[in-house]
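Asks: could you work out the structure for the sequence below:
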Amino acid sequence: MMSRLSVLLRSFRARLVIGYALVVVVMVALWAWSLYGPLTQAGIEQQRTDLVTVARVAALSVTDSSAPRAADAIARAARTSLRVTIVATDGVVLADSAENPSTMENHATRPEIAAALRGQVGTDTRTSATLGTEQMYVALPATVAGQPVALRVSEPLALVQGLADRGRQTGMLLLALALGVAIIAAYRLSASAAAPVLRLRNAAEAMAAGDLGTAIPAAEGEVGDLAQALTVLRDRIRATIGDMENSETMLRAALDGLQDAVLLVEGDRIAFTNRALATMFRAPGTARMGARLEDAGLPASLTAIILAHLNTDAARSEETGPDPEGRYHRVTIVPLNPGELGKRTLVVIADTSAPGRFDAMRRDFVANASHELKTPVAAIKLLAEAAESASEDGDAAQARAFTLQLRNEAERLRHLVADLLDLSRLEHGHRTGAVTDMRAAIGIALAGHHAAARDAGLSLECDTCGVEGEDVYAAADATDVAVALDNLLANAITYTDAGGVTVRLDADEQTVTIRVTDTGPGIAPEHLPRLFERFYRVDAARSRATGGTGLGLALVRNAVEVSGGTVDVASEVGKGTTFTLRLPRAK
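Replies: Numbers count the residues shown, from 1 in each chain. Below is the predicted model:
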């Protein structure tokens, strides 16, 4: 109840009514004071003036009269509310309209009589000793029968008070009537003055609640200016919010387009994340606005780094990794409002796994290439020294044997250098516009390996039933296709002890598919993910024994990918292996 009353008293209309009421109360107080103060005093002063006038008239009427005539005049005055007294210069009462003069005491000490005997107009107000009532006295000098006297006129103050009371009653009635009219007028005026302001308030509250389409009511005068200003404010807010929404949409689209994960953190709570966070870390749905940073789905190591630098005043950047999944990350933490309450921090997480893996692969490649080059070079050096020694000893047969081995090692070195050059060439980007007849490319590759297959006792076949009657062209360079087919056929023949190797050609509207299948021992599953890495060997001893460089399948992968194709492998131990090349088909 008190709360509702407090709200009511704070309302604009209530304040208007209270303002009007205060003005009315002040006017009523002034009116009442005038009725009970100045009005009574004014009545008394008026009565005193009237008594002076009456006294002067009485003095004139008795000036030339004899004593009997003066007494007769006094007797006539006795029939009114006025009391007339004639006092001699010695203070003896000569005549009185209310009392017997002989019984009255000497009046020489009366203030008004003393003043009159001195030739002045004397006045006084006191309780009469003879009548016992409060009287107003006025005395002035006069002559009766040629003798100077003091003529005094008095009247009871009760008459004056009665007049004042009647005046106050009339005034209070008028005051009550005026107060009622004022209250009604104040209520109506406050309602009229408050109505447009209240309508504007309701419109402002609707705007504050988010309804920027609300109509602003029209008004006149200063309130009309306020309505116009509110209309302008509404339109500007609407335009500003529209611009902010557009900017936010563009910013979110830009941030969602980034590959780096972006988080905006307020305190330890998430205020914003972009789409890359969920993609990079498979973040759960809890990583949303208002969620704790620990619930963002980040690895614990990254969360610890971010929490450790949330309260810093300078930007920080840290590198992490590799984690158990082999991933590397760079975490950049930027305070947006250092030194203020409610700190905001921008966190950017970049996945640097690819550069990290590339560096690791580069180091491995340099180490493996150095090792692979060092082996034939060392062998050539030793064989040359051995051949020289056998020649000096005159052992021609031994010298020829060493020379033959020297040639084999030189050939192996040539193959390794050629493979390295092919690998470097293939890694230098995509070449467009080349077209290769796949039937012809497969035929050339098979012709080059028939002798090796025959020597190994293997069959070498081509299956083109799937593209019977069709021309099959791939959008690939003929040299790249030859490199891929030569290495696949060489590997298949090398690692197949019995059976044969089959090359099958298929195609659809978009893709040319080549499958190279052998009946070899197969490849264990743990080797398949790394099979296309450079210098990776399933059986290192056998590869070196057969002169392999360890780059063949890496060349196959690069030769296919440089044309926009793919390569994969399927193998089962004891049943053989199938390599599948897919190249874009030329239109």
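Asks: next, count neighbours for residue 149.
Replies: Residue 149 has 26 neighbours, counted by other C-beta atoms under 10 Å. All C-beta spots, glycine's among them, are computed from the backbone N, C-alpha and C.
Asks: kindly report the same for residue 507.
Replies: 20.
Asks: ok, it touching residue 515?
Replies: No. Taking C-beta atoms under 8 Å as the definition, residue 507 is not a contact partner of residue 515, at 12.0 Å.
Asks: and residue 473, what are its bridge partners?
Replies: residue 437 (DSSP bridges).
Asks: now stretch 482-498: mean pLDDT?
Replies: Across stretch 482-498, the average pLDDT comes to 87.
Asks: how about that stretch: buried residues?
Replies: By 16 or more other C-beta atoms under 10 Å, the buried positions in stretch 482-498 come out as 482-496.
Asks: just stretch 301-312 next, same as before
Replies: Result for stretch 301-312 [16+ other C-beta under 10 Å]: buried residues 302-303, 305-306, 309-310.
Asks: hang on, residue 456 packs against residue 492?
Replies: No. Using C-beta under 8 Å, residue 456 is not in contact with residue 492; the gap is 10.3 Å.
Asks: show me the shaky parts of the stretch 1-150 of the chain.
Replies: Where the stretch 1-150 of the chain drops to pLDDT under 70, the residues are 1-21, 23-25, 28-43, 62-81, 131.
Asks: in it, which spans are strands?
Replies: For the stretch 1-150 of the chain, applying DSSP state E, counting those that start in this stretch gives strands covering 83-88, 93-96, 122-127, 134-144, 147-156.
Asks: ditto for the stretch 351-500 of the chain
Replies: For the stretch 351-500 of the chain, the strands defined by DSSP E, counting those that start in this stretch cover 436-437, 459-463, 473-474, 500-507.
Asks: right, and the helix or strand after the longest one?
Replies: Right, strand 500-507. Once strand 500-507 ends, the next helix or strand along the chain (criterion: DSSP states H and E) is strand 511-518.
Asks: got the CA coordinates for that following strand in PDB?
Replies: Below are the C-alpha coordinates for strand 511-518, written out as PDB (Å, rounded to 0.1, in the frame of the first residue of the first chain):
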ATOM      1  CA  THR A 511      36.300 -38.900 -63.100                       C
ATOM      2  CA  VAL A 512      38.800 -41.300 -64.700                       C
ATOM      3  CA  THR A 513      39.700 -44.200 -62.300                       C
ATOM      4  CA  ILE A 514      42.800 -46.400 -62.600                       C
ATOM      5  CA  ARG A 515      43.300 -49.400 -60.300                       C
ATOM      6  CA  VAL A 516      46.600 -51.200 -60.100                       C
ATOM      7  CA  THR A 517      46.100 -54.600 -58.400                       C
ATOM      8  CA  ASP A 518      48.800 -57.100 -57.500                       C
END
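Asks: quick one: list the elements packing against it.
Replies: Strand 511-518 makes packing contacts with helix 438-455, helix 478-494, strand 500-507, strand 576-584 when contacts are defined by 3 or more C-beta pairs under 8 Å, 6 or more residues apart in numbering; DSSP states H and E.
Asks: can you tell me which of those is most buried?
Replies: Each of the helices and strands packed on strand 511-518 was scored by mean neighbour count; the highest is helix 478-494, a mean of 22, by mean count of other C-beta atoms under 10 Å.
Asks: residues contacting that one, please?
Replies: Residues from elsewhere that reach helix 478-494 (C-beta atoms under 8 Å, 6 or more residues apart in numbering): 422, 426, 434, 436, 438, 441-442, 444-446, 448-449, 452-453, 456, 458, 460, 474, 501, 503, 514, 516-518, 520, 546, 548, 552-553, 555-556, 559-560, 562-563, 567, 577, 579, 581, 583.
Asks: please repeat the previous calculation with a cut-off of 6 Å.
Replies: Contacts to helix 478-494, defined as C-beta atoms under 6 Å, 6 or more residues apart in numbering, come from residues 422, 436, 441, 445, 449, 452-453, 456, 501, 516, 518, 546, 552, 555-556, 559-560, 579.
Asks: can you check stretch 301-318 too?
Replies: The contact list for stretch 301-318 (C-beta under 6 Å, 6+ apart) reads 320, 331-335, 338, 345, 347.
Asks: now, which of those sits nearest residue 136?
Replies: The closest of the contacts of stretch 301-318 to residue 136 turns out to be residue 338 (C-beta to C-beta; 90.2 Å).
Asks: residue 522 versus residue 330, what's the distance?
Replies: In this view, residue 330 and residue 522 are 42 Å apart by C-beta to C-beta, to the nearest Å.
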